[in-house]
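Engineer: Need the 3D shape of this:
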Amino acid sequence: MNRDSLKNAFKGFDPNNLDLATAGSWPIGVKIITYLIVFAAITAAGFHFYVTDKNNQLERTQRKETELKQMYTMKARDVANLDALRKQMADVEERFAEMLRQLPTQNEVPGLLDDITRIGRESGLDIELIELQPEKKNKFYIELPIKITVGGTYHQMGQFVSGVAAIPRIVTLHDYKIIPAENGRLTMNINARTYRYDDTQ
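Structural biologist: The predicted structure is shown next:
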């Protein structure tokens, strides 16, 4: 397009009096430029929103990729340690079973009381009271308190405590009180506790 054609295309156009209501009567050159500007603006806006959406999608995908890599690393570490974990689990189960064997069953509690009585007599103590108290239920086990009152010398009481501690079943001793009695003898009040696994869980 030469200079004359270009002048004709914009003939009678005053950019200071640009009115969209009269766009139909604009010179052909102005219409073409306006169309090109509008087209470019629409294309740029569409491209911007498209690219922004794709960028957001890419960022989400990258974050997901990072999470999956971390998860994969953790799973790979777990798989690598699987044999060690299985062995550790077997050891824990074995120790747990051993501890359960040390807890008296409901049928063995009377025998346990007989053992404590026998140990007291063998230690030379006078057995005043060995009495099972009401059970106390805890989260995983049932506590069986035993109230004990014995009389004798300090040495005999030491023998008794050592003998009870050596019982194969788990028995713990708590809250002991030693009171002087006649002829150099002592009275000892002590609370023993044994435990039973709560298999109703």
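
Engineer: Let me know the secondary structure of residue 76.
Structural biologist: Put simply, residue 76 is helix when judged by DSSP: H, G, I helix; E, B strand; the rest coil.

Engineer: any idea how far residue 69 is from it?
Structural biologist: Distance of residue 76 to residue 69, given as C-beta to C-beta, to the nearest Å: 10 Å. Bear in mind the C-beta positions are built from the backbone N, C-alpha and C, glycine included.

Engineer: swap in residue 49?
Structural biologist: Distance, residue 49 to residue 69, by C-beta to C-beta: 30 Å.

Engineer: List the buried residues in stretch 183-200.
Structural biologist: 186, 187, 188, 190, 192, 193, 194, 195, 196 (16 or more other C-beta atoms under 10 Å).

Engineer: What's the mean pLDDT across that stretch?
Structural biologist: Summarised as a single mean, pLDDT over stretch 183-200 is 82.

Engineer: In CSV, list the C-alpha atoms belonging to that stretch.
Structural biologist: Provided in CSV are the C-alpha atoms of stretch 183-200 (Å, rounded to 0.1, in the frame of the first residue of the first chain):
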residue,chain,number,x,y,z
ASN,A,183,10.3,-58.9,122.9
GLY,A,184,12.3,-57.2,120.1
ARG,A,185,9.9,-58.6,117.4
LEU,A,186,8.3,-56.5,114.7
THR,A,187,5.0,-56.4,112.9
MET,A,188,5.0,-55.7,109.2
ASN,A,189,2.0,-54.6,107.1
ILE,A,190,2.7,-54.8,103.4
ASN,A,191,0.6,-54.7,100.2
ALA,A,192,1.6,-57.2,97.5
ARG,A,193,0.2,-56.9,94.0
THR,A,194,0.1,-59.4,91.3
TYR,A,195,-1.4,-58.9,87.8
ARG,A,196,-3.6,-60.8,85.4
TYR,A,197,-3.8,-60.1,81.7
ASP,A,198,-7.3,-58.8,80.7
ASP,A,199,-8.1,-61.1,77.8
THR,A,200,-11.6,-59.4,77.4
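
Engineer: roughly how far out does it sit from the chain middle?
Structural biologist: 36 Å (C-alpha atoms, centre = their mean, to the nearest Å).

Engineer: what does stretch 128-145 give?
Structural biologist: 31 Å.

Engineer: ok, now stretch 83-99?
Structural biologist: Worked out by C-alpha atoms, centre = their mean, stretch 83-99 lies 20 Å from the chain centre.
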